[in-house]
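# take a look and give me a structure for this.
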Amino acid sequence: MCVHLRSAQIAAVLLLICLLPSHGQKATPAKGNSRVFESRLVTDEVVKDNPFSAEGVSEVTQTLSDGTTRSRKITTHLYRSGDGRLRHEENVISAKGIWDDAGSQLRRISVFDPSSRNGFVLDPQQMLVMRYTAGKSMPIPENLPGLKTESLEPQVLEGLTIQGTRRTKVIPAGDTGNAQPFEIVDESWYSPDLHVVLMTKHSEPRTGNVVYQLTHIDRSEPPADLFEVPPGYRAVGTGSKKNGKR
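Alright, predicted model coming up:
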């Protein structure tokens, strides 16, 4: 499982490397903050009887043209119930980009049930909820031209054995205005036991490095109310249903 972050490009990379297979389908709420509702949580994998709670930490490191380095940590929270429902909590990246003041970011909570394909997005700032139904995700293309894929030796992280895959893409000179060729390298480390990606690494000269890791894993059942709409929320957007009803 993986959630589909650059100011624009880093934002895309981090979303790709987080936790659930596709995250980023557009929505158009009738009211409320569009930045909160512009993404939906979607996964095709149904995992039951394997609950957990965890914290996901993404660290972005970028070297500027004058040689100085800047870094930023972004924290998300992920929960899975015993019946397979998922909850993802994150801050919405500011319109000014990932390096903007973290205090200006808005909070978004997404809940999705892969069995029914139904989910909802919460705007805690304005106490709004938008419901949605998802179709099947598009498969990720395999054997793309210029893409090298290799399996890595298993490792142990957070007490779990993880299986790694490295994908390397060579960008030829002149392809994006670059004078010299360069590589984009992505690693993904998956836990067959927990059925999630525990760690990813993204390296690219234009945007810097992004390292994501799932930490503080608690394999007990999360509170049931995390997967329901809290009382007092008002429904908005296309396809919205009665508040608090699944």
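# residue contacts, the residue located most distally from the centre of the chain?
Going by Cα atoms, centre = their mean, the residue of the chain most distant from its centre is Ala179, 32.4 Å out. Contact analysis of Ala179 by Cβ atoms under 8 Å, 6 or more residues apart in numbering lists Ala173. Any C-beta I mention is one placed from the backbone N, CA and C, and that applies to glycine too.
# show me where the chain has its helices.
Taking DSSP state H as the test, the helices found in the chain are 9-17, 34-37.
# by mean pLDDT, show me the worst of the ones you listed.
Among the helices of the chain, helix 9-17 carries the lowest mean pLDDT, at a mean of 36.
# before we move on, the earlier item: the residue farthest from the centre of the chain and Ser191: what is the separation?
41 Å (Cβ to Cβ, to the nearest Å).
# quick one: the strands in the protein, in order.
Ranges of strands in the chain, per DSSP state E, are 22-23, 41-42, 52-63, 69-80, 86-92, 106-113, 118-123, 128-133, 147-157, 160-171, 182-191, 196-204, 208-218, 234-235.
# most tightly packed of the ones you listed?
Relative to the other members of these, strand 41-42 carries the highest mean neighbour count by mean count of other Cβ atoms under 10 Å, namely a mean of 26.
# packing partners of that strand?
Strand 41-42 is packed against strand 22-23, strand 106-113, strand 118-123, with contacts defined by 3 or more Cβ pairs under 8 Å, 6 or more residues apart in numbering; DSSP states H and E.
# if we use 7 Å, what do you get?
Judged by 3 or more Cβ pairs under 7 Å, 6 or more residues apart in numbering; DSSP states H and E, the packing partners of strand 41-42 are strand 22-23, strand 106-113.
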